[in-house]
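In: Give me coordinates for this.
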Amino acid sequence: MPRQTPIYYYSSTSGLVRSFAERLGRPAYNLAERAHRLSEVDGPWVLLTPSYKTGNPANDTIPEAVRRFLRSPVNRRSMVGVMGSGNRNFGTHYQMACREIAERSHRPVLFEFELAGTPWDVERAGQILADLDDALAAAHAD
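Out: Numbering: from 1, shown residues only. Got it, this is the predicted structure:
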């Protein structure tokens with residue numbers, strides 16, 4: 001069985017993103033916790049981030065805890081993809097944090113879902129991550 005690529009995520013007090021991350025059934029670390037936010041990863045990982053702002057272009061949609069974690073060159077280099085939680089009520093700012101991080105880091109957006117996601121979203125994201133685990137294992141074996 002290949003290594004399960006861990007998820008590093010940020011979840012506010014609403015717990016919507018935490019709920020999604022925990023339902024994926026793989027190692028998941030909340031960047032709201034200082035110890036995780038200050039850590040450095042030991043291999044490939046996936047970011048799961050919400051987008052918060054609703055249309056004020058002067059405000060940033062990327063949570064500060066995510067920014068801090070990505071300040072580490074080790075963490076930035078090891079990130080293999082981004083997943084996003086958003087709210088369609090945000091209009092053009094829906095999934096803005098996820099998409100901006102993916103663009104800046106030249107990493108793919110692996111999956112996007114609304115709020116805490118549906119059971120289908122969890123199943124689909126889980127399959128995407130399992131496929132990623134297999135691809136990373138195959139690349140490492142070469």
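In: buried sites along the top helix by length along the chain?
Out: When the chain is parsed with DSSP state H, its longest helix is helix 119-141. Residues of helix 119-141 classed as buried by neighbour count (16 or more other C-beta atoms under 10 Å): 121, 122, 125, 129, 130, 132, 133, 136. Just so you know, the C-beta spots here come from the backbone N, C-alpha and C atoms, and that holds for glycine as well.
In: Looking at the residues you listed, spot the one nearest residue 42.
Out: For the buried residues of helix 119-141, the residue nearest residue 42 by C-beta to C-beta is residue 136; the value is 13.5 Å.
In: Could you report the distance from that closest one to residue 109?
Out: 17 Å (C-beta to C-beta, to the nearest Å).
In: And for residue 71?
Out: 21 Å.
In: who's more crowded, these two?
Out: Higher neighbour count among residue 71 and residue 109: residue 109, with 15 against 9, using other C-beta atoms under 10 Å.
In: who's the more buried one bridged to?
Out: residue 82 (DSSP bridges).
In: Report the contact partners of it.
Out: Counting by C-beta atoms under 8 Å, 6 or more residues apart in numbering, residue 109 touches 81, 82, 83, 84, 95, 98, 99, 102.
In: And the strands in the chain?
Out: For the chain, applying DSSP state E gives strands covering 7-9, 28-30, 45-50, 79-86, 109-114.
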